[in-house]
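S.K.: Next comes the sequence, and after it the predicted model I'd like to discuss.
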Amino acid sequence: QWQLVESGGGLVQPGGSLRLSCAASGFTLPYHTMGWFRQAPGKEREVVSCISLSGGNTYYADSVKGRFIISRDGAKNTLYLQMSSLKPEDTADYYCAVSGRYSDRDGCQDDYSGRGTHVTVSS
């Protein structure tokens, strides 16, 4: 059974940093395109960042480009999202997901995701 468990969320001040983790089980994470998505209250879920199956390509939404970094550790079967220079508008529930595709144009899709971890950016 596939399982994704996100962690690392919390309350952080504007300008601060957080690292989200997504532990995968039941499948080998590096064999899949993976992504991070977020959903703010009253808004639709949006793609934040994706990493291709090969690991050689990454996608970032314009809103996080230059501030967030996606990475993965095959030995730990874990996906990460390093978030820096956080802004109040980054406040949302963050989900990691397996995607059946990768695109440099629009990233990836949420085919199977975890339960999420909440990030609040506030002073």
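M.R.: Yes, it's here. Numbers count the residues shown, from 1 in each chain.
S.K.: Pretty sure Val64 sits in a strand.
M.R.: No. Read with DSSP: H, G, I helix; E, B strand; the rest coil, Val64 is coil and lies in no strand.
S.K.: That one contacts Val47, correct?
M.R.: No. Taking C-beta atoms under 8 Å as the definition, Val64 is not a contact partner of Val47, at 10.0 Å. Where you see a C-beta, it was placed from the backbone N, CA and C, and this is true even at glycine.
S.K.: Number of residues surrounding Arg101?
M.R.: 13 (other C-beta atoms under 10 Å).
S.K.: ok, Asp73 - contacts?
M.R.: When contacts are counted by C-beta atoms under 8 Å, 6 or more residues apart in numbering, Asp73 is found next to Tyr80.
S.K.: make it 10 Å
M.R.: For Asp73, the contacting residues are 21, 29-30, 79-80, by C-beta atoms under 10 Å, 6 or more residues apart in numbering.
S.K.: go on, Pro88?
M.R.: 13-14, 120-123.
S.K.: Out of the contacts of Asp73, which is nearest to Arg105?
M.R.: Relative to Arg105, the closest of the contacts of Asp73 is Leu79; by C-beta to C-beta it sits at 21.4 Å.
S.K.: Show me what the closest one bridges to in the sheet.
M.R.: Cys22, Arg72 (DSSP bridges).
S.K.: Enumerate every residue touching it.
M.R.: Applying C-beta under 10 Å, 6+ apart as the definition, the contact partners of Leu79 turn out to be 4, 6, 20-24, 29-30, 32, 34-36, 49, 51, 70-73, 96-98, 114.
S.K.: Kindly state the beta-bridge partners for the residue nearest the centre of the chain.
M.R.: Centre of the chain computed as the mean C-alpha position; nearest residue by C-alpha atoms, centre = their mean is Trp36, 2.3 Å away. Taking DSSP bridges, one finds Ser49, Cys96 as the beta-bridge partners of Trp36.
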